[in-house]
Structure formats: C-alpha cells, structure tokens
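>>> build me a structure from this.
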Amino acid sequence: MSDDSPLIQSLRQAVEAAPADVPLRLHLAELLLDAGRQDTAVAEVAVALQHAPGDTQARELMMRAMAVPQRTTSSAPAPAAETPTSGQETARTPEERRGGFDWRAAEEQVGDVVPPRFVEAPLAADGRNDPGDAPAWDVEQPGTGEVGNGDGGGAGAVRLADVGGMREVKERLEAAFLAPLRNPELRRLYGKSLRGGLLLYGPPGCGKTFIARAVAGELGASFLSVSVNDVLDMWIGNSERNMHQVFETARRQAPCVVFLDELDALGAKRSRTLHNGMRNTVNQLLTELDGIDAGANEGVFVLAATNVPWDVDIALRRPGRLDRTLLVLPPDAPAREAILRYHLRDRPIVNVDLGRLAKVTDGLSGADLAHLCEAAAERALLDSARSGTVRLIGMKDLLAAAKDIVPSTDPWFASARNVAMFANEGGTYDDLVAYLKKKRKL
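The predicted structure follows:
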C-alpha cells in the first residue's frame, strides 16, 4: 500500500521474489503487526504456516497477531470479550485452547485469504471414498486406437498385419480364435458361442500386449487392459468389487477384449496364496469368466498374458475359461527387421543393412532390439559431442551395440527348460519343448 514504510515495501518485494522464504515473510509480518496492520500480518503468517506448519516462531506470531485488537477510528472502548458458555468451552479441543489461543477462530478468519491446502473428503470406514474407487475404466474404442467414449477419431486400430513376422503365431490365432468369430453363419451352424479366452505366454518383451491389441483390432472390438494395480485394494471386499466392475464395463462395451496383464499376479495359484484377500480375488475372477447368467459374457473376449504360466491357478485354464494357450517367442527374422526399421525410422542413419542386422540379433526380444537402437544412437551422439562434428548412425554403431547386448530372454528359457522337462503334464508346453529342441536348449 502507499502508506507502507520504505522498509515494508522493500520486504514485500523480497517476499514476492522468494515466496518460500519463511523467516523473511515472518519478519515482514512482524513489521506489519508493529505498524498496526493486524489483518495483513495474519495473512502473511498464515502463508508462512502453509510452508512450515510446525514453525514455532510462526505460531507465536500468529497468537500475537490474533490477540492484538484492531485499530479503529472511534474513541469508544472495545467491547468486552464474551465469556464462553460451558457448552462452547467443551466444544473446543485441547489443541484449540492450548496457550489460550483459539486456532479454529484463526482458521475461520484467514479462510478467505488462504485457500485450504487439502480438500479431499475423509475416507469412510470401509474406504468407499478412496480416490482409487473411480468406477470408470479406460476403454479403447474400436477403430480409434485411443482411450475415450467412442466419439473421437484416430489413425485406426492395430491389426495383425501390423505385427511384423510371427507367421506361426498369426496362423495359430486365426485357426483357434479369430476364424470362428469372424464367421457368424458358421458359428451358428456349429453352435460356437461368441465368447472365448486365450492365454499368451512366453519370455518378457516379446510383444504379448501388442498381439492382444491386434486381436482386438481384428475383431473390431473395444480394448480394456487390466493389471494387478487396477484391481487390488487395501480394503476388504474392494478387490472383488473392482474385478466385477471390470467385467461389467466390458459387457456394456461388448464386443470387447479384456486383456489381463501379468495373469500370474491376478490369478496366482490359490494353494500357494496365504492371504485370504488374494484368494477371494482369484475366486471372483473365476466367477466373472464363467458369467453369472447364461450368455452374460457374450461378446466379451478374455485375453491374458504371463511370463510364468506354471504359476497361474489351474482352475483358470480349464475348458470354458482360458482354455487356449499360445506361446509368444522372441521375434523371428522378418519381425526383427520390422522392429529395427520402426525404432530407426526417426533417427539419422546411413547405409544400414537391416537384413544383416536381423541375422546377428537372433534371440533378442523386441525390447532388446529397441535398446540396441538406443545404444547405437548414444554411441553416435557421444562421438559427435567429442569430435564437434555431427555424424550419422551407421552399421558400425549398430553391430557394436548388438555385440554388447545379452539376450534378456536367456534367464526365462533357463527356468522354462526345467518346466518343459519335468512338468509338462498333458502336453501343455509341447510348443515350448519343440522350440527348445529346435534351438538345442533341451
């Protein structure tokens, strides 16, 4: 204000430049209080308490500011303070009465000056008001490839044609899952229900999620991805409710592909699960897969992915649930070439032989190939920074990066080998056994 002293004006400018400087703001508040500017001083101390709620000096200064009577132009004596009744006194908490200072009254006085820091409603006893309880699930609409309510455009859904290579995987998907669902006349003739479940398994980083999206694109269906973080809840009964809401959303959005990521976490073997809440969640998942009523899951296609199918509860894999299994292996040569082309498309490259590069990267996962391109770009960037001359990424960089990368799939195959040898009851992992023999790892 214009009647502020030069010192107060200077302090105001300093506080504006450093709003989080609590000692400086308190010094300003003290000068304002000495100058009889009680309201302004209270506002400054309130801001200081926001930055440092436990600051002793700030609390003492607030008590001083609230205790000082405001200056008035009238010469009439200030009215005597009302003596609280016994009921009013008992309504005040010990913290409010501490030191003779009413913190509730102070909060009400500065409420219009300083907005509240937290506005969340308190949790109910059963956690119903938990912000994580939002009933809406992000569903990608068919033909858009984006999350929304179906009213937005987009570049189009992912199709199996967008999956590089993996011819055997595509043929298995077509024969076991897609062909019956694309032909409604044949489906009705043979009594095939418009529902199904498919379990994708294999080493990490090999494109299981991408394939699930491609299946949704082929079916022209919505896509709903669910992970363990979306379902599990600290409150008893909420995890089961979340699982039910997932499937209710899919039924409303049918045709819809529900993708259960990391199924070994969502549907772990109940015999190994000691926590009752987790066991109940698996039970709820089994109930939803069956459908409460006949035809309840019509148009709901359940795809699941896991790196460790041997840790999935056996009840999830019985006929009528996730009864079809597909092994997703590291990309073959055409797929590796397509992945490398994708990750190099926006980088400055010269004389890159993708065919040769695909040959020397046998056994690498899609994630490994992405890391290879990143490592090659880092080599060229560092060389350019050291020499002061920008150069393009060449085969030398890519081959050097490929030489340094150890396939991330090796530990998985080491574990899977034991399963293929000693736990292949009923031929569940025959595809894995055939691959290991082909690669001479068995």
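
>>> gap between stretch 40-51 and the chain center?
If you compare the mean C-alpha spot of stretch 40-51 with that of the full chain, they lie 37 Å apart, counting by Cα atoms, centre = their mean, to the nearest Å.

>>> per-domain residue ranges of the protein.
Domain assignment for the chain by automatic domain parsing gives 6-69+95-110, 133-327, 333-404.

>>> name the nearest residue to Val42, sequence neighbours excluded.
The spatially closest residue to Val42, leaving aside those adjacent along the chain, is Ala65, at 4.8 Å (Cβ to Cβ, 6 or more residues apart in numbering). Where C-beta positions appear, they are placed from N, C-alpha and C, glycine not excepted.

>>> what's whichever strand or helix holds the one you found packed up against?
When elements are defined using DSSP states H and E, Ala65 is found to belong to helix 56-67. With contacts defined as 3 or more Cβ pairs under 8 Å, 6 or more residues apart in numbering; DSSP states H and E, the packing partners of helix 56-67 are helix 22-34, helix 38-51, helix 103-110.

>>> quick check: angle from it to helix 22-34?
20 degrees (axes from the mean of the first three to the mean of the last three Cα atoms, to 10 degrees).

>>> list the buried residues for helix 56-67?
If you call a residue buried by 16 or more other Cβ atoms under 10 Å, then helix 56-67 has these buried ones: Gln57, Ala58, Arg59, Leu61, Met62, Met63, Arg64, Ala65, Met66.

>>> I'd guessed the first one sits against His27; true?
No - taking contacts as Cβ atoms under 8 Å, Gln57 lies outside contact range of His27: 9.9 Å.

>>> hang on, the earlier thing: make TSV out of the domains of the chain and add distance to Glu425 and mean pLDDT.
Below are the domains of the chain laid out as TSV (distance: least, Cβ to Cβ, whole Å; pLDDT from 0 to 100):
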stretch	distance to Glu425	mean pLDDT
domain 6-69+95-110	61	78
domain 133-327	10	79
domain 333-404	28	93
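
>>> which of those sits closest to Pro411?
Between Pro411 and the domains of the chain, the shortest gap by Cβ to Cβ is with domain 133-327, which sits at 8.6 Å.

>>> so what's Leu224 up against?
For Leu224, the contacting residues are Trp137, Asp138, Val139, Glu140, Val246, Thr249, Ala250, Gln253, Cys256, Val257, Val258, Phe259, taking Cβ atoms under 8 Å, 6 or more residues apart in numbering as the criterion.

>>> SS state for it?
Here Leu224 takes the strand state, with states given by DSSP: H, G, I helix; E, B strand; the rest coil.

>>> Ala254 versus that one, what's the distance?
11 Å (Cβ to Cβ, to the nearest Å).

>>> mind listing what's buried along stretch 358-375?
Of all the residues in stretch 358-375, those buried under the rule 16+ other Cβ under 10 Å are 358, 361, 363-373, 375.

>>> cool, and stretch 169-182?
Buried residues in stretch 169-182, defined by neighbour count with 16+ other Cβ under 10 Å: Val169, Lys170, Arg172, Leu173, Phe177, Leu178, Pro180, Leu181.

>>> need the CA coordinates for the host helix or strand of the second one. PDB is fine.
Secondary-structure assignment from DSSP H and E places Lys170 in helix 167-173. Extracted as PDB, the C-alpha positions of helix 167-173 are listed here (Å, rounded to 0.1, in the frame of the first residue of the first chain):
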ATOM      1  CA  ARG A 167       3.700 -66.100 -39.100                       C
ATOM      2  CA  GLU A 168       3.200 -69.200 -36.900                       C
ATOM      3  CA  VAL A 169       1.600 -67.100 -34.100                       C
ATOM      4  CA  LYS A 170      -0.700 -65.400 -36.600                       C
ATOM      5  CA  GLU A 171      -1.800 -68.800 -38.100                       C
ATOM      6  CA  ARG A 172      -2.500 -70.200 -34.600                       C
ATOM      7  CA  LEU A 173      -4.600 -67.100 -33.700                       C
END
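
>>> the next helix-or-strand element following that helix packs against which elements?
Tracing the chain C-terminally past helix 167-173 and defining elements by DSSP H and E, one meets helix 179-182 next. Applying 3+ Cβ pairs under 8 Å, 6+ apart, we find helix 179-182 packed against helix 184-189, helix 208-219.

>>> point out the most buried one among those helices.
Across the helices and strands packed on helix 179-182, the average number of neighbours (mean count of other Cβ atoms under 10 Å) peaks for helix 208-219, which reaches a mean of 22.
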